[in-house]
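Engineer: Here you go, sequence then predicted model.
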Amino acid sequence: MLIKVYGSAVFGVEATTITIEVNVATGIGYHLVGLPDNAVRESSFRIAAALQNNDYKFPGKKIIVNMAPADLRKEGSAYDLSLSLGILAASGQIKAENISDYLIMGELSLDGSLQPIRGALPIAIKAKEDGFKGFILPKQNAKEAAIVSGLEVYGVENITEVINFFDTGAVLEQTIINTREEFYKNLDHPEHDFADVKGQESIKRCMEIAAAGGHNIILIGPPGAGKTMLAKRLPSILPPMTLREALETTKIHSVVGRIKEHVGLMSQRPFRSPHHTISDVALVGGGAYPQPGEISLSHNGVLFLDELPEFKRGVLEVMRQPLEDREVTISRAKFTVTYPSSFMLVASMNPSPSGYFNDPDAPATSSPAEMQRYLGKISGPLLDRIDIHIEVTPVPFDKLSEERRGETSVEIRKRVTRARQLQTERFQESDTVHYNAQMNVKQIRKYCALDEASKSLLKTAMERLNLSARAYDRILKVSRTIADLENSANIQGSHISEAIQYRSLDRDGWLG
C-alpha cells in the first residue's frame, strides 16, 4: 500500500516541501532513498522503539521510503514523526484519510515523546503558501509556527496524540496567538537601559547619533571605562522593529534553533557578541551544510566585537562585503544560499596592548611602536566602513556615586525614531538606502550640501587635524544625522564641528 506524507526541508532561510512516499509490500527489508543524511537514516531505530513502546509495531515487510525531490539532500532528525505515520498508514495499522492535508514534522524519543525541531517558522510559512490545512509539530515549537495566520497549528507532546487524531478523530488543541499583540507586548521594556549608565554623557550622545543614522561605531578606551556596558544598551535605543523586520529576524533564529521555548515572535532587536577566537565561518556562516553565522543572527540588530584587534585579521576581512551588501552569499558545488545581514557594527578596543596609553598613573604602558603594531591589526578598508570613532574615558568617582538616574532608553529612542522617520521619507524612492549611513556619493552630494562657512570649517579641521580623505564623506553623513536629530533641514556649522570630533582614529598619530 502506498501513502504520501508531507514534511519540509530548510535551505538558507526558506523551506521546501518534501513528499515522503511510503510503500509497504510483500518481502523483507527497509529501504530509505532520496539523499538522506545519517540522522535521517538512523530514524528507523528511533521509530521502531517508539512504536513498540506505544503498542504499535514496525512491520516486518518490505518498506520502501522515497523522499522527493530525490536530488535534494535531507538533513536532521525532524522527519521521524512524518516517517512513522507514513509507515503506520501504509501498513494498515491506522486510518489516514486526510493525512495529506497536513504538514508533519518532529523528532521522536524512544518512548514516543517529541523533541523540538529547527526552522519551524519558515516551514509554517511554506506550508501556508502550498495550501496545507494545518501543521503538526512538537509543542515546544507551536507558538513559533502559530505566528503564521491562516494555518492551523497543532503542538503535540507524543506520537499517540497524532495517531489518535488521524485514526479515531480525536481532537488536537490548536495553538492560536495574536501576532500583533505578541509583537507589541515587550517593545517598551528593554532588558538593558541607558538610565543605568553613570556619567559618560558625551558617549551616550554619540551612541544616540549612531542609532539615529545607523552608523557603525568603534569605542576606544582603557579597561573598565564602560565600553561593553554602553554597547549592550545600544539595541534599547534603536527604533522598534517593524512587523516585517521581526518576522525576518525570527526566521533566521528559527533556522538555527535559537528561539526560546514557548516564545513566538522576536520583538527585541538581537545583540550578538562573539568571542575574539571565533572562526571566519562561524562569523559569516557556512559549513558543509550551511548555517547562518553571527552576522546573520544580528540581522536588524547589533553585532558587538569586543577587543577588535584581538580578532584574527582574516576573520575581520570577511566582514567587508557583508557590511556593504547587507547580505551573505554562501556557494557550494550544488547550491547557493543567501542570508540577510543588515546590522549595526559596534566595536571596542583598548588604545594599546596593555590597555593604557600615555597614562602616567597606569600600572603598565606600551611604547609607541607597540601601539602602532597593535592598531595596525585593523585594516584600512574595514575602518573605512566605520563612521564614528569615539574615545571613552573612565568615569570619576563622584559620577559613579551619584544617586540620580540618567535619561532612560525609552526617552532616547523617541528622538532616534523621529530622526529615522525623516530619513525614511528622504529615501522613500530608493530600494537600497533607508538611513543616512547607507548613502552613496551621489546622495551625499544631494542631501549634505554645505554653506561656505561650513565648508571653510571642514577644510580647516581636515588640514589641522591631518584627517584622511576617507573621513570626509563620513563626517558629512554623521553631520546629516545630527541635523536630523535637531529637525534641521540644512547642515549647520555646529553639526560639522560635532561630527569632526567623532573621527579619532583618522587623526595623525593614531594609525600613522
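Structural biologist: Arrived safely.

Engineer: which residues in the stretch 151-300 of the chain form strands?
Structural biologist: Applying DSSP state E, counting those that start in this stretch to the stretch 151-300 of the chain gives strands spanning 152-156, 217-220, 271-272, 285-286, 291-292.

Engineer: Can you check which of those strands gets nearest to residue 495?
Structural biologist: Comparison of these against residue 495 by Cβ to Cβ identifies strand 217-220 as nearest, at 17.4 Å. For glycine as for every other residue, the C-beta is placed from the backbone atoms N, C-alpha and C.

Engineer: Give me the helices and strands touching the closest one, please.
Structural biologist: Counting contacts by 3 or more Cβ pairs under 8 Å, 6 or more residues apart in numbering; DSSP states H and E, strand 217-220 packs against helix 201-213, helix 227-232, strand 344-349, strand 388-391.

Engineer: can you rerun that using 10 Å?
Structural biologist: Applying 3 or more Cβ pairs under 10 Å, 6 or more residues apart in numbering; DSSP states H and E, we find strand 217-220 packed against helix 201-213, helix 227-232, strand 302-305, strand 344-349, strand 388-391.

Engineer: and that strand, which strands flank it?
Structural biologist: strand 344-349 (parallel), strand 388-391 (parallel) (DSSP bridges).

Engineer: could the ones you listed go into JSON lines alongside distance to residue 495, mean neighbour count and mean pLDDT?
Structural biologist: As requested, the strands paired with strand 217-220 are exported to JSON lines (distance: least, Cβ to Cβ, whole Å; neighbours: other Cβ atoms under 10 Å; pLDDT from 0 to 100):
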{"stretch": "strand 344-349", "distance to residue 495": "21", "mean neighbour count": "24", "mean pLDDT": "93"}
{"stretch": "strand 388-391", "distance to residue 495": "14", "mean neighbour count": "22", "mean pLDDT": "89"}
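
Engineer: In JSON lines: these, plus distance to residue 93.
Structural biologist: Formatted as JSON lines, these follow (distance: least, Cβ to Cβ, whole Å):
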{"stretch": "strand 344-349", "distance to residue 93": "55"}
{"stretch": "strand 388-391", "distance to residue 93": "66"}
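
Engineer: relative to helix 201-213, how tilted is the longest helix along the chain?
Structural biologist: For the chain, the helix that runs over the most residues, judged by DSSP state H, is helix 409-426. Orientation of helix 409-426 against helix 201-213 (axes from the mean of the first three to the mean of the last three Cα atoms, to 10 degrees) gives an angle of 40 degrees.

Engineer: can you pull the buried residues of helix 409-426?
Structural biologist: Neighbour counts over helix 409-426 (16 or more other Cβ atoms under 10 Å) mark 409, 410, 412, 413, 415, 416, 419, 420, 422, 423, 426 as buried.

Engineer: Which elements pack onto it?
Structural biologist: Applying 3+ Cβ pairs under 10 Å, 6+ apart, we find helix 409-426 packed against helix 201-213, helix 441-447, helix 470-485.

Engineer: Of the ones you listed, which is nearest residue 251?
Structural biologist: helix 201-213 (24.0 Å).

Engineer: Tell me the buried residues in that closest one?
Structural biologist: 203, 204, 206, 207, 208, 209, 210, 211, 212, 213.

Engineer: The fourth one and residue 415 touch, don't they?
Structural biologist: What it means is residue 207. No: Residue 207 lies out of contact with residue 415 (Cβ atoms under 10 Å); the separation is 11.9 Å.

Engineer: what do the two both touch?
Structural biologist: residue 237 (Cβ atoms under 10 Å, 6 or more residues apart in numbering).

Engineer: Run a quick neighbour tally on residue 3.
Structural biologist: 20 (other Cβ atoms under 10 Å).

Engineer: Tell me how far it lies from residue 343.
Structural biologist: Per Cβ to Cβ, to the nearest Å, residue 3 is found 45 Å from residue 343.

Engineer: next one: residue 159
Structural biologist: From residue 159 over to residue 343 the distance is 40 Å, taken as Cβ to Cβ.

Engineer: Tell me which residues touch residue 232, please.
Structural biologist: Counted by Cβ under 10 Å, 6+ apart, residue 232 has contacts 191, 192, 196, 271, 273, 302, 304, 346.
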